[in-house]
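*Asks:* give me a model of this one.
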Amino acid sequence: MPSHGQHVGRMPDDAQPGLTHGDHKEVEELSAPRAPIIYEVVRRQGEEELDRPDGSLFWSGLAAGITIMASVIAQAALRHRLPDVPGREVIACFGYSIGFLMVILGRMQLFTEQTIVTVLPVMAQPTWRKLWGTARLWAIVFVANMLGTLVAAGINVKLRVVIGTLLAAMLEVAGRALDKTPLELLMQAIPAGFIIASIAWIRAALSNGEFWIVLALTYTIAIGEFTHVVAGAAETFLLLFAGQIGPAQAATTVGLALIGNIIGGTGLFALLAYAQVRQEL
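*Replies:* Here you go, the predicted structure:
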């Protein structure tokens, strides 16, 4: 027998009389998690990331930087292979999602995804230790991502691991950024940062369907021609190794994309995500 104060199999206070206890349990299982629960899941992920050693962060970030080149290769390959008909670009943009699927589902360290995951613990309990931990993680992952994209670009251009026509298509895809002004690069990086940061939040709310979440959101970045700093760096370094731009222009392009992604991911999405649950915590 349960002791005084225990309620075994108790119905909720607002239970519908036509439903059994098993029915109410199934309702709870099928109900979407509340925003504070999603916040707590993401916050705990951030705490775990902040505790990871430097070496783990670096090698994971380096792998992500190399892997993200798959987005450029797949998008260029689709443009190269598809006939020049209406809708060609719309289909080719699906290739952009390939690298992100490999990186995010493979749990590699992608800088822009960390703009929300590691910031929420700081917002919950701001301390100098957590601020330093976030700065440490950001610096390691960003440098590793950039080194990875630099290595991947150099291998593709100098060692010719792809056929010449595909390399030309990759440079054509990358060269579209040259038509953007510095202000356009900055402003169009803000939506990309917001979208990538939302992936961590949405994944925490769903128990399955990660593949489709990443595919849909990264495809939105491609079709909208927004600027993502890591994928954009892969394209920029391709142009650099091919001699189409100089180091100063490459650094400016990456820097503007970085600032825009941080504004979108941390300045907008992370703040809004925390603001909606702050009073409930």
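*Asks:* low-confidence ranges in the stretch 1-150 of the chain?
*Replies:* The stretch 1-150 of the chain contains residues with pLDDT under 70 at 1-33, 114-115.
*Asks:* residue 237 versus the nearest residue to residue 276 once chain neighbours are set aside, what's the distance?
*Replies:* Distance criterion Cβ to Cβ, 6 or more residues apart in numbering; nearest residue to residue 276, sequence neighbours excluded, is residue 35 at 5.6 Å. Where you see a C-beta, it was placed from the backbone N, CA and C, and this is true even at glycine. Per Cβ to Cβ, to the nearest Å, residue 35 is found 39 Å from residue 237.
*Asks:* and stretch 197-211, how far from the chain's centre?
*Replies:* 11 Å (Cα atoms, centre = their mean, to the nearest Å).
*Asks:* alpha carbons only: can I get it in PDB?
*Replies:* Extracted in PDB, the C-alpha atoms of stretch 197-211 (Å, rounded to 0.1, in the frame of the first residue of the first chain):
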ATOM      1  CA  ALA A 197      21.400  28.200 -34.200                       C
ATOM      2  CA  SER A 198      17.800  27.100 -34.500                       C
ATOM      3  CA  ILE A 199      18.900  23.600 -35.400                       C
ATOM      4  CA  ALA A 200      20.200  22.900 -31.900                       C
ATOM      5  CA  TRP A 201      16.900  24.100 -30.400                       C
ATOM      6  CA  ILE A 202      14.700  22.200 -32.700                       C
ATOM      7  CA  ARG A 203      16.700  19.000 -32.400                       C
ATOM      8  CA  ALA A 204      16.300  19.200 -28.600                       C
ATOM      9  CA  ALA A 205      12.500  19.400 -29.100                       C
ATOM     10  CA  LEU A 206      12.200  16.300 -31.300                       C
ATOM     11  CA  SER A 207      13.200  12.700 -30.600                       C
ATOM     12  CA  ASN A 208      13.700  11.800 -34.300                       C
ATOM     13  CA  GLY A 209      13.800  13.400 -37.700                       C
ATOM     14  CA  GLU A 210      17.200  15.100 -37.300                       C
ATOM     15  CA  PHE A 211      18.000  14.300 -40.900                       C
END
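*Asks:* hmm, who's touching that stretch?
*Replies:* 32-33, 38, 41-42, 45, 101, 104-105, 112-113, 115-117, 213-214, 217, 264-266, 269-270, 273 (Cβ atoms under 8 Å, 6 or more residues apart in numbering).
*Asks:* same thing but 7 Å
*Replies:* The contact list for stretch 197-211 (Cβ atoms under 7 Å, 6 or more residues apart in numbering) reads 32-33, 38, 41-42, 101, 104-105, 112-113, 115-117, 213-214, 217, 265, 269-270, 273.
*Asks:* and if you look at stretch 256-265?
*Replies:* So stretch 256-265 is in contact with 112, 115-116, 182, 185-187, 189-194, 196-197, 227-229, 232, going by Cβ under 7 Å, 6+ apart.
*Asks:* tell me which helix or strand comes right after the longest helix seen in the chain.
*Replies:* In the chain, ranked by residue count with DSSP state H as the criterion, the top helix is helix 128-158. Note on helix 128-158: by DSSP states H and E, the next helix or strand toward the C-terminus is helix 164-174.
*Asks:* CA atoms only for that following helix, dumped as CSV, please.
*Replies:* What follows is helix 164-174, C-alpha atoms only, in CSV (Å, rounded to 0.1, in the frame of the first residue of the first chain):
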residue,chain,number,x,y,z
GLY,A,164,38.9,19.6,-63.8
THR,A,165,35.3,20.2,-64.9
LEU,A,166,34.0,19.7,-61.4
LEU,A,167,36.7,22.0,-60.0
ALA,A,168,35.6,24.6,-62.4
ALA,A,169,32.0,24.2,-61.3
MET,A,170,33.1,24.5,-57.6
LEU,A,171,34.9,27.7,-58.4
GLU,A,172,31.9,29.0,-60.2
VAL,A,173,29.7,28.3,-57.1
ALA,A,174,32.2,29.9,-54.9
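*Asks:* and that helix, average pLDDT?
*Replies:* Averaged over helix 164-174, pLDDT sits at 95.
*Asks:* quick check: buried residues in that helix?
*Replies:* Within helix 164-174, the residues that qualify as buried are 166, 167, 169, 170, 171, 173, 174, counting by 16 or more other Cβ atoms under 10 Å.
*Asks:* of residue 35 and residue 237, give the one with the bigger neighbour count.
*Replies:* residue 237 (26 against 14; other Cβ atoms under 10 Å).
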